[in-house]
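**Student:** Fold the following and give me the result.
(one chain, ligands or ions: 2)
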Amino acid sequence: MRLSRYFLPVLKETPADAQIASHRLMLRAGMIKQASAGNYSWLPLGYKVLQNITNIVHEEQQRAGHIPILMPTLQSADLWRESGRYDAYGPEMLRMQDRHGRDMLYGPTNEEMVTDIFRSHVGSYKDLPLTLYHIQWKFRDEIRPRFGVMRGREFYMKDGYNFDLTKEDALHAYNRHLVSYLRTYERMGLQAIPMRADSGPIGGDDTHEFLVLAETGESEVFYDSEITDLRFGDREIDYDSVEQCQGVLEEFTSRYARTDETHDEDLFNQIPEERRRVARGIEVGQIFYFGTKYSEPMGATVQDSEGNKVPVHMGSHGIGVSRLVGALIEANHDDKGIIWPEGVTPFHAGIVNLRQGDAETDKACEDIYAALTAAGLEPLYDDRDERAGGKFATMDLIGLPWRVTVGPRGLKNGVVELTSRRTGESEELAPEMAVARIKEIYGV
Ligand SMILES: Nc1ncnc2c1ncn2[C@@H]1O[C@H](COP(=O)(O)OP(=O)(O)O)[C@@H](O)[C@H]1O
Ligand SMILES: [Mg+2]
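**Tutor:** Ligands and ions are numbered 1, 2, ... in the order given. As a prediction, this is how the structure comes out:
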């Protein structure tokens, strides 16, 4: 992409009403535009990051054997009357009527709808285990939408639902989700810690929330500092293996880590004092096991091997896809702007032309642009006729992890400059070497 042809409406001024860094930076970098309270349009740069996160979530869900579907945003109230949640859900549910006077709602979550799909098409234990998921917009009429996309009213979420014959099988599905979530967040360059949480309106006994530590987080968290040393890394995992998934769950949940809802002061005080941490975190995901809470009232049953009709054991598992864009920025920024991790960056590298219109400089930029593009990478080339300072400020603000700076002085010595956004360190290299280095970083 060439900046001269892109749509990147960066703001010079810091928006007054944005209270936290990610909200300010998303507005300033031209990633989003508020449409109404808690409701945003995603502009090109923001949309690219949202898509990158979406793609990682899809890949990791499918790697774990979960099957993508797409359910509508609008739902019939009748399904929610069957589960008893139509009245229970309260004012966070946006309710409406169609022209025939039928009660509808904008889905805040999809347990009822997916259970209806299941009961309509699945009748035998032989069709289990089954996990269906989708990534779809949700609406919750939050009383205080704030912090930009972090607490929106309309937000993008991955929600997955497992259907299993027995409680043990459903707990394996729970563990499988925990493992796949660890992988998912790490691929984005984020550390999200599973913490024992409270189940809220979804219901159920077993639940963990995944929290990214950040001062601006809305949840108060209590944990053993040893937990922050754990990494899933690039280990191989067999998602069908009960032992392997259980082992990862034990490894990542055996140390104390709880949100304020489930915090237990006595247990916490058993940790050596120097390891006790009280901090804040952003909830970027949650997994639940809730057994037959929906399958029983809604009649989602299968025949077991002896021919008995039994309600299936279920759980639901969410990732806050749009919230993650904000959480990633909270965890990765400095006073100049965003610093994207390579796994989610909207463009792989920026190219800054210091003397637009100088034939040799233009040609060197074009060659780098072509070489990166040919390697399957997406560079953003600042080809505008602007001063160097302004170009650098824009690149720092939008946070591309690598910048290639090309100017006549360097080219005279056969070099361009490759700069890391994270460390600020620069290196002078031949243009081909700069391209080779970027390809190596991205493994292409
Ligand atoms: N209002 C919101 N705006 C943005 N993301 C949200 C919002 N509410 C929930 N999410 C995200 O969706 C994920 C799954 O939702 P869920 O656990 O049902 O939400 P909650 O715990 O807030 O009721 C959460 O972990 C969070 O990351
Ligand atoms: Mg939650």
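
**Student:** Residue 238: what secondary structure?
**Tutor:** Taking DSSP: H, G, I helix; E, B strand; the rest coil as the rule, one finds residue 238 in the coil state.

**Student:** Could you report the separation of it from residue 132?
**Tutor:** 21 Å (CB to CB, to the nearest Å). Backbone N, C-alpha and C define where each C-beta goes, glycine included.

**Student:** neighbour-wise, which of those two wins?
**Tutor:** The neighbour count for residue 238 versus residue 132, taken as other CB atoms under 10 Å, is higher for residue 132 (18 against 9).

**Student:** element containing the more buried one?
**Tutor:** Using DSSP states H and E, residue 132 sits in strand 130-139.

**Student:** That strand - which strands sit beside it in the sheet, and in what orientation?
**Tutor:** strand 67-68 (parallel), strand 154-164 (antiparallel) (DSSP bridges).

**Student:** which of the ones you listed sits most buried?
**Tutor:** strand 154-164 (a mean of 24; mean count of other CB atoms under 10 Å).

**Student:** pLDDT averaged over that strand - what is it?
**Tutor:** Strand 154-164 carries an average pLDDT of 98.

**Student:** bridging residues for the closest residue to ligand 1 within the chain?
**Tutor:** Nearest residue of the chain to ligand 1: residue 320, at 2.1 Å (CB to the nearest ligand atom). Beta-bridge partners recorded for residue 320 (DSSP bridges): residue 157.

**Student:** Let the chain start at 25 from now.
**Tutor:** Shifting the count to begin at 25 puts that one at residue 344.

**Student:** Let me see the contact set for it.
**Tutor:** 179, 181, 307-309, 351 (CB atoms under 8 Å, 6 or more residues apart in numbering).

**Student:** Counting by contacts, list what the helix or strand where residue 352 lies packs against.
**Tutor:** Using DSSP H and E, residue 352 sits in helix 345-355. Applying 3 or more CB pairs under 8 Å, 6 or more residues apart in numbering; DSSP states H and E, we find helix 345-355 packed against helix 45-52, helix 68-87, strand 178-188, strand 230-237, strand 300-315.

**Student:** May I see these arranged in CSV, with distance to ligand 1 as well?
**Tutor:** Shown next, in CSV, are those (distance: least, CB to the nearest ligand atom, whole Å):
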stretch, distance to ligand 1
helix 45-52, 12
helix 68-87, 12
strand 178-188, 4
strand 230-237, 6
strand 300-315, 4
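
**Student:** Output those in a markdown table, with distance to residue 436 appended to each entry.
**Tutor:** A markdown table is the format used below for the helices and strands packed on helix 345-355 (distance: least, CB to CB, whole Å):
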| stretch | distance to residue 436 |
| --- | --- |
| helix 45-52 | 36 |
| helix 68-87 | 34 |
| strand 178-188 | 49 |
| strand 230-237 | 46 |
| strand 300-315 | 48 |
